[in-house]
Structure formats: C-alpha cells, structure tokens
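> Fold the following, please.
(one chain, ligands or ions: 1)
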Amino acid sequence: MEDSGLKRVVVTGGNTGIGFALCKQLLTEDNCFVYLCSRNQERGTAAVAEIQAAYPAHKERIHLVLVDTSVPDSIVAAAEAVREHLGTHKLYAIVNNAGVGLATRTSKQALLDTNFWGPKRMVDAFMPMLQDAGRVVHVGSGAGPMWLKKQSEDEIKFLSTEHTWEELEQFVIKRMATTDDFGDYGLSKSALACLGMTQARVYPSITFSTVSPGFINTKLVAGFGATKPPEEGTVSIRHCLFQPLPGNGWFWGSDAKRSPLHTTRDPGTPEYKGE
Ligand SMILES: NC(=O)c1ccc[n+]([C@@H]2O[C@H](COP(=O)([O-])OP(=O)(O)OC[C@H]3O[C@@H](n4cnc5c(N)ncnc54)[C@H](OP(=O)(O)O)[C@@H]3O)[C@@H](O)[C@H]2O)c1
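Numbers count the residues shown, from 1 in each chain. So this is what the prediction gives:
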C-alpha cells in the first residue's frame, strides 16, 4: 500500500449521512486512510463495499471498524482493533460524528450516551494512538447554542466556559433530569462543545474543535425540511481537520468560521472573536 503522506482518520457513524460523505472525501480528495466506523456490521460492510466499488483505486485505504459509541465496552474493543490494524503507525485524527437527533433518538439516556459520553470515551480510548499535533473534531450542532441561549444566565455561563470533566459530567447528569426532547439534544451538543474546551486543556498537543455541520438532509432530521446533501455538511469538519487553526477547543459554524457557544451565529455573518 502506498503510504507517503497518508493521514489515518477514524470517523464514527461513517456508514451513512454526513459521516459517509466525509469518508468518501477523505479517501478521494484528502489522501487519507479511513477507519469507517459503524455500530452495525451489515450497514458498515455495505458502506465500505459501496465506497470500494465506486473508487477501486483506493479500496485498500478503507477499513471497517465496529463501534457502538453509546456502549463503553464497544469503544474499548474498537480501539483495540484499530491499534492492532495500525501496527507501528499513528492516527492523524478522530472525527466523533456518530449522533442521534429528534428523528432517530430512542431514549434520553441513549441520546446523551451517544452524543456526549461517546465522544469523551472515544477520545480516552483512542488518545494513545494519536500522533503529536493530531486533531479531534466533534460534530456538534447549531442546536447547541440555539438551546443554550434560552437557558438561565448561570447555565449559559457554565456551558460556555471551560470546566473539569467531573464538573461538566455532574452538570449534565443533573440538567438532563429536566430536559424535554429538544433540550436533550441541545444539552448534549452544548455539553459536547464544552467537552472540547476541557479536552483542549487536558491534551494541549492535540487540536480539538467542535463544529456545526449545517442543516443537512439526512435521516437524523428526516421530516424537518433540510435540503442540503451530506457532502455539504463536511465543510467545517475538513477545515478543522486540515487547515492551520488559531485556537484550541473552539466551536465552528458550518461556514468554517469561529462561532460562540452562548448564542447563535448565522453562516455568512462576522466571525466570533471570543471574549
Ligand atoms: N443533519 C443535520 O442537519 C445535522 C445538524 C446538526 C448536527 N448534526 C450532527 O451530525 C452528525 C451526523 O449526523 P447525520 O445528520 O449524518 O445523521 P445520520 O444520517 O442519522 O447519521 C448518524 C450516524 O451516526 C450513527 N450512530 C447513531 N448512534 C450511534 C451509536 N450509538 N454508535 C455508533 N454510531 C451511531 C448512525 O448509525 P446508524 O446508521 O446505525 O443509525 C449513523 O451512521 C450527528 O452528530 C448529528 O448530531 C446533523
């Protein structure tokens, strides 16, 4: 296998939607080796086969990894499988894309496990394999700030500043007891962005970013009227994977511009400058 300049990237929830589009782009446009993760063997196998059939020249550069990011043991097993496959190589990046939303949720706990605890556990398990100056991209949502800006002043302040993992986890456990369905999703994505800030401090040699992909037509928002194809949901993810970034732990809008956590910022409006 040709190896010069190859970047090895793990993408969770890679079998469909934005994750699947990203896997294709990483493979064909970004000179990456892709670990396409799926929680389901059949869907994962079909996704890898579809990509290999479409791009036979790159078919040795994609590998299926089974992982249900809501299940801690599944993450540990996936990390072990990737470690064995990597051999002496290192990972360039992890994209925590797997998520559930209003149209795909099963329960409050499963949603928070997938959208919030999953990315934390993925980073914990995969960190030893990441190269120096590697990258982690959490796929967040504009629904994070959209929800947060309507909460109390104390909550807005808490979730838009950095904390220890223990403080953040305790906040989420307490707050999720009273969130409604949209609140579950908004809380999970606000807390995910806050997690990115925390991880940036804990692992300063790695650049963490949380991104909003935009309003994209996938099964996660089925019935809500999104029209943009999944390929347009990767702009900010790829920016945060490959461009020089001036800050660590930042939140990015779908236009690849820095955005605030405490309030919404529409794509195309001036970039958030921080406080
Ligand atoms: N679409 C939008 O407008 C939008 C907006 C803001 C943010 N996002 C975020 O973008 C990310 C990708 O979503 P999408 O729109 O592409 O939705 P999608 O088409 O439903 O894809 C979600 C992916 O995550 C996987 N997944 C769900 N739960 C999982 C779990 N417990 N373990 C492992 N994989 C799991 C799904 O697997 P299965 O195929 O097995 O279900 C699927 O591969 C999510 O984090 C979502 O919150 C999307």
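> quick one, helices of the stretch 101-250 of the chain?
Per DSSP state H, counting those that start in this stretch, the stretch 101-250 of the chain carries helices over the ranges 108-112, 118-126, 143-148, 153-159, 165-175, 181-202, 235-242.
> Present those as TSV; the columns should include mean neighbour count and mean pLDDT.
C-beta coordinates here come from the backbone N, C-alpha and C atoms, glycine included. Shown next, in TSV, are the helices of the stretch 101-250 of the chain (neighbours: other Cβ atoms under 10 Å; pLDDT from 0 to 100):
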stretch	mean neighbour count	mean pLDDT
helix 108-112	18	98
helix 118-126	22	98
helix 143-148	24	98
helix 153-159	15	98
helix 165-175	14	98
helix 181-202	23	98
helix 235-242	21	98
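> Get me the contact residues on this structure for the ligand.
By the rule Cβ under 6 Å from any ligand atom, the part of the chain lying against the ligand is 12-13, 15-19, 39-40, 43, 67-70, 97-101, 104, 114, 139, 141, 213, 215-216, 218-221, 226.
> do that again at 5 Å, thanks
Within the chain, the residues that sit near the ligand (Cβ under 5 Å from any ligand atom) are 13, 15-18, 39-40, 68-70, 98-100, 114, 139, 141, 213, 215-216, 218-221.
> Give the buried subset of those as a ChimeraX selection command.
ChimeraX command restricting the residues of the chain next to the ligand to the buried ones, with burial defined by 16 or more other Cβ atoms under 10 Å:
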select :13,15,16,17,18,39,68,69,70,98,99,100,114,139,141,213,215,216,218,220,221
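> is Leu36 in a bridge, and if so with what?
Under DSSP bridges, the beta-bridge partners of Leu36 are Val11, Leu64.
> That one: how many residues sit nearby?
Number of residues near Leu36 (other Cβ atoms under 10 Å) recorded here: 26.
> mind listing what it touches?
By Cβ atoms under 8 Å, 6 or more residues apart in numbering, Leu36 lies in contact with 11, 14-15, 19-20, 23, 44, 47-48, 51, 62-65.
> so where is the chain shaky, pLDDT-wise?
The model of the chain has pLDDT under 70 over residues 1-4.
> Okay, strands next: where are they in it?
7-11, 32-38, 62-66, 91-96, 130-139, 207-211, 250-252, 258-259 (DSSP state E).
> Show me what the fifth one pairs with in its sheet, parallel or antiparallel.
Paired with strand 130-139 in the same sheet, following DSSP bridges, are strand 91-96 (parallel), strand 207-211 (parallel).
> List of residues touching it?
Taking Cβ under 8 Å, 6+ apart as the rule, strand 130-139 contacts 18, 90-97, 99, 119, 123, 192-193, 195-196, 199, 205-211, 213, 237, 240-241.
> by how many degrees do it and helix 118-126 diverge?
Using axes from the mean of the first three to the mean of the last three Cα atoms, to 10 degrees, the inter-axis angle of strand 130-139 relative to helix 118-126 is 170 degrees.
> circling back: show the buried residues in the contacts of Leu36.
Neighbour counting with 16+ other Cβ under 10 Å marks 11, 14-15, 19-20, 23, 44, 47-48, 51, 62-65 as buried within those.
> Now distance to Ala110 too, for the residues you listed, in CSV please.
Formatted as CSV, these follow (distance: Cβ to Cβ, whole Å):
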residue, distance to Ala110
Val11, 21
Gly14, 19
Asn15, 18
Gly19, 18
Phe20, 21
Cys23, 24
Gly44, 19
Ala47, 22
Val48, 25
Ile51, 28
Ile62, 28
His63, 27
Leu64, 23
Val65, 20
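> between those residues, which is nearest Met176?
Distance to Met176 across these (Cβ to Cβ) is lowest for Gly19, with 24.6 Å.
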